[in-house]
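1. what's the 3D shape of this:
(one chain, ligands or ions: 1)
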Amino acid sequence: MNLRPGIPADVPRLVDLERASPTAAHWTERRYRQSIEPIREDQRRLVLVAEAAASASAGPDLLSGVVGFLVARHLGREWELENIVVAPAAQRKRIGRQMLEALLAAARESNSESVFLEVRESNAAARKLYESAGFQQAGRRKSYYTDPAEDAIVYRRSLP
Ligand SMILES: CC(C)(COP(=O)(O)OP(=O)(O)OC[C@H]1O[C@@H](n2cnc3c(N)ncnc32)[C@H](O)[C@@H]1OP(=O)(O)O)[C@@H](O)C(=O)NCCC(=O)NCCS
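-> Sure thing, here's the model as predicted:
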């Protein structure tokens with residue numbers, strides 16, 4: 001599994017992965033493009049894609065090509081994880097964890113104090129991933145999500 005920065009040519013695949021994932025944050029194609037090519041310096045984002053090497057045993061859309069991505073925003077001395085998605089066929093192979101660790105490393109390198117994120121209360125898989133990576137519950141945003149309405153749990157990971 002190779003992690004690399006996202007490029008404009010990845011955008012259609014990122015949109016496909018996100019659309020196949022009901023619990024992901026849903027963005028327009030334009031927003032993904034602007035995340036990769038920000039029009040203003042203060043809109044700095046990290047877009048990481050996880051790419052599996054093509055192999056004879058991997059069928060189409062299985063473990064080959066881009067199988068996951070992460071988008072995070074740098075805000076002062078904090079980072080916000082805005083979206084993280086792994087294709088269903090590639091889940092539970094530590095790809096999400098690897099991308100999260102890469103974000104934590106980038107945050108440390110930028111001298112930041114913490115990384116935070118919001119997640120649907122019912123998203124047990126994502127919450128487990130965050131907790132296993134050292135994120136701690138820092139708050140709740142009542143009815144933050146719509147369709148369906150649900151509270152957001154805010155997690156924060158302080159950086160040493
Ligand atoms: C959340 C998500 C990114 C996790 O990616 P992943 O690559 O499957 O996760 P990993 O394999 O790195 O899992 C790391 C740890 O997280 C926890 N975890 C991940 N998925 C889990 C699941 N379905 N059930 C329980 N625990 C889970 C486990 O502790 C796991 O470690 P283990 O496999 O050794 O037990 C993936 O499930 C996904 O894309 N979900 C849909 C999109 C989404 O909801 N994104 C979050 C929006 S806030």
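
2. and the residue of the chain at minimum distance from the ligand, what is it in contact with?
-> Nearest residue of the chain to the ligand (Cβ to the nearest ligand atom) works out as residue 96 at 2.5 Å. The way it works is simple: take the backbone N, C-alpha and C, and place the C-beta from them, glycine included. Applying Cβ atoms under 8 Å, 6 or more residues apart in numbering to residue 96 gives the contacts 68, 84, 86, 129.

3. And the helices in this structure?
-> Here the chain has its helices, by DSSP state H, at 11-19, 29-36, 95-109, 124-132.

4. Next, format the ones you listed as JSON lines and append mean pLDDT.
-> Converted to JSON lines, these look like this (pLDDT from 0 to 100):
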{"stretch": "helix 11-19", "mean pLDDT": "97"}
{"stretch": "helix 29-36", "mean pLDDT": "94"}
{"stretch": "helix 95-109", "mean pLDDT": "97"}
{"stretch": "helix 124-132", "mean pLDDT": "98"}
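
5. Redo those as TSV? Include distance to residue 139.
-> Converted to TSV, the helices of the chain look like this (distance: least, Cβ to Cβ, whole Å):
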stretch	distance to residue 139
helix 11-19	25
helix 29-36	25
helix 95-109	19
helix 124-132	14
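
6. Report the separation between the nearest residue to residue 159 once chain neighbours are set aside and residue 102.
-> Residue nearest to residue 159 in three dimensions, not counting chain neighbours: residue 108, with 5.4 Å by Cβ to Cβ, 6 or more residues apart in numbering. Counting by Cβ to Cβ, to the nearest Å, the gap from residue 108 to residue 102 is 11 Å.
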